[in-house]
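> below: sequence and its predicted model.
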Amino acid sequence: MSYLALERLTKAYGSVLAVDALDLTVVRGEFISLLGPSGCGKTTTLQMIAGFVEPTSGRAMLDGTDLFGVRPNKRGLGVVFQSYALFPHVTVAENVAFGLEMRGVPRAEREQRVKQTLDLVGLTGMADRYPRRMSGGQQQRVALARALVIQPAILLLDEPLSNLDAKLREEMQTELRTIQRSVGTTTILVTHDQGEAMALSDRIVIMNKGRVEQIARPDEAYARPASAFVANFLGKTNVLSAKVVNEGNRQVVDMAGFRLPVPNRSLSGAVTVTVRPERIAFVDDPAPGVQGRVHTRVFQGTHWLFHIETELGALIVLRQNDGVAVPSEGENVRLAWGENDLLIATSGAM
Amino acid sequence: MTANPKLAPLLLSGPALLVFIGLVIAPLVMTALLSFYDWGQYKGIVAEFTVKNWHEVLVDDYYYEIFGRTLRIALFVTLIAVLIGVPEAYILNRMTPRWRGVFLLVVIGPLLISVVARTLGWALLFGSTGLIGQALLTLGLTREPVDLMFTETGVIIALTHVLVPFMVLAVLAALQRLNSDVENAAMSLGAPAFTVWRRVVLPQIIPGVLSGSVIVFALAASAFATPAIIGGRRLKVAATLAYDEFLNTLNWPLGAAIAMILLVALIAIIVGSNRLIERRYAQVFE
């Protein structure tokens, strides 16, 4: 049963479609990410839901009522901004209490709920600080507490973690997920960081140029991207040109001599093939594969990143740092992957 | 180079410092010294130390009245400039850049016209046969012709017109430093537009309002042309008083004492009110 339904939501600036007929249904309690490069319309979508931007057309039904018929300050949505947008002239407690004050919650209950929420986000004992005196991570938590304390119908997060450093961002991701699970608030996150989207969400909406490319569970979108754009955006991938040929009574895909059976019989001729870098293995010479030479080798702690020149073009390969020796730069190697690691599409479709 | 690196800042700021000392500090010090010189109807200015000029200004009710009027006018002008300038700056800030440019020019426009020309314009409107008086009479809002010439109200109106742009510019600068998400945040938390303004925007632009007020107050209290034309001899303020002492009575030392007292009073009022407001809004002054 859908809780929030966006129906053909559109925003045009002049002749430019920032958001083009977006359809999305969100289940109660779900964590959804809008993912895409800057200018893909994800933030505009969020701002239309929040009411900061007028939609050009389309509807947004929240629990059976038309959201666009309600004034922004009556929608009861919690918003966390990239800049945090805290009120710098009042204390943390007053920041968090603001929404409750606007709702006419009596003082005693207000103080109680502010305290509870600050405890929830791990800011116990910081109520009387001023935002300017806090670190980015702490300000982030204040912003989250301020949005959560009003028990919003939906929590809208606009790139909330992008101003934090990498380590803190990872910590906050875990914490955000934990808090969201424990409170159960339906959440929409806008982000350009695919790792963040995959780590946090139940489902990802991948957007490009105002249009939805794919809506899927993170693992699903990663394993079966609906387009080359999605494949490229969700982590690194190798895109190869190949062709489908007949070999005896079966069809195979030929990648510079390296042949693998094609599961899909409807394909023929020139095709585009994508292979994830972590699915490519080094094999010994007699085995079938693609010949190449290691151009660069970069150590990244948990794994090695190779750039390998082959007949198919430059390929990237990731190898887990499991203690097994890896080829060094300049070395000749043989690469192979399995038929299940392939995504094949007719050329031009991708 | 063998120059002492510690001297570099001093040498670099030297030219500006010299100009400042030559054009601001020196005349000020000379005026201060002059205020302690003696003066007589027949002997003119005599280089003898005396405090009689200061004494005269500080004990005579006549001067109290003039200084009181000066500060009252400056205070009202500042208040009205805040009431007009702050909303004006807010509206300007919400405009698209193109329209903001156009209207900013309209706002600053008055500054491009000579104060004298502008004030004479007001004089035309203010007289009992002027546009304002006649209009009020025709509309039946008053029975007697209203004459704003030579009144404090007239001076306040004309000065406000001249000084509002300074308030607008100061507040606009503060508004442009404001994080625009903050207003959306307050709105999403349930605040109606006016509450957003009162609880979130206003407290954050207080520094801008304060610096605008300091400029407007100081300029209003030391204004000369507008009070001279609209107020005339009947309605003296500190600046016109000092002018008359210098050029009509030729009592330069007394004029200097008046100028110095005006300066000291202004500094005291501005510094005092700054302290008060900065303490009240400590969090936004950083």
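Structure received.

> contacts, neighbours, all on C-alpha from now
Noted.

> who in chain A is up against chain B?
Selection of chain A residues close to chain B by Cα under 8 Å from any Cα of the partner chain yields A:50, A:52, A:72-81, A:83, A:85-90, A:98-99, A:102-103, A:130, A:147, A:150.

> whatever helix or strand residue A:94 lives in packs against which elements?
Using DSSP states H and E, residue A:94 sits in helix A:92-102. When contacts are defined as 3 or more Cα pairs under 8 Å, 6 or more residues apart in numbering or on different chains; DSSP states H and E, helix A:92-102 sits against helix A:107-120, helix A:136-148.

> restricting to C-alpha, output whichever helix or strand comes after the shortest one in PDB.
On the C-terminal side of helix A:136-148, the closest following helix or strand by DSSP H and E is strand A:154-158. The C-alpha atoms that make up strand A:154-158 are tabulated as PDB, following Å, rounded to 0.1, in the frame of the first residue of the first chain:
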ATOM      1  CA  ILE A 154       8.200  12.100   5.800                       C
ATOM      2  CA  LEU A 155      11.800  12.900   6.500                       C
ATOM      3  CA  LEU A 156      13.500  14.600   3.600                       C
ATOM      4  CA  LEU A 157      17.300  14.600   3.500                       C
ATOM      5  CA  ASP A 158      19.000  16.800   1.000                       C
END
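
> okay, angle between strand A:154-158 and helix A:136-148 too, please.
Calculated by axes from the mean of the first three to the mean of the last three Cα atoms, to 10 degrees, strand A:154-158 forms an angle of 150 degrees with helix A:136-148.

> as a whole number, average confidence for strand A:154-158?
In this model, strand A:154-158 has a mean pLDDT of 96.

> quick check: buried residues in the helix or strand hosting residue B:173?
Element membership of residue B:173 [criterion: DSSP H and E] is helix B:152-177. Neighbour-count burial for helix B:152-177 flags B:152-175 (criterion: 16 or more other Cα atoms under 10 Å in any protein chain shown).

> and for the closest residue to residue A:144 other than its chain neighbours, the neighbour number?
Nearest residue to residue A:144, sequence neighbours excluded (Cα to Cα, 6 or more residues apart in numbering or on different chains): residue A:80, at 6.1 Å. Neighbours of residue A:80 under the rule other Cα atoms under 10 Å in any protein chain shown: 28.

> which residues does stretch B:24-32 contact?
Residues external to stretch B:24-32 that are found in contact with it (Cα atoms under 8 Å, 6 or more residues apart in numbering or on different chains): B:256-257, B:260.

> mind listing what's buried in it?
B:28, B:31-32.

> chain A: which of the residues you listed is nearest?
residue B:28 (39.6 Å; Cα to the nearest Cα).

> give the burial count for residue A:248, as a bare number.
7.

> which phi and psi values does it adopt?
Phi and psi for residue A:248, reported as degrees, to the nearest 10, are phi 70, psi -130.

> and it, how far is that from residue B:79?
In this view, residue A:248 and residue B:79 are 94 Å apart by Cα to Cα, to the nearest Å.

> what do you get for residue B:16?
35 Å.

> residue A:125 too?
Distance from residue A:125 to residue B:79, by Cα to Cα: 41 Å.

> can you check residue A:23 too?
In terms of Cα to Cα, residue A:23 sits 53 Å off from residue B:79.

> re earlier: between the buried residues of stretch B:24-32, which is nearest residue A:5?
residue B:28 (72.4 Å; Cα to Cα).

> SS state for that closest one?
Under DSSP: H, G, I helix; E, B strand; the rest coil, residue B:28 falls in the helix class.

> wait, the residue nearest to residue A:144 touches residue A:156, no?
Yes - the criterion here is Cα atoms under 8 Å, and residue A:80 meets it with residue A:156 at 6.3 Å.

> can you map out the strands along the stretch 51-200 of chain B?
Assigned by DSSP state E, counting those that start in this stretch, the stretch 51-200 of chain B shows no strands.

> tell me where the model's unsure across chain A.
Low-confidence segments of chain A (pLDDT under 70): A:1, A:264-265, A:347-350.

> nothing else from me, thank you.
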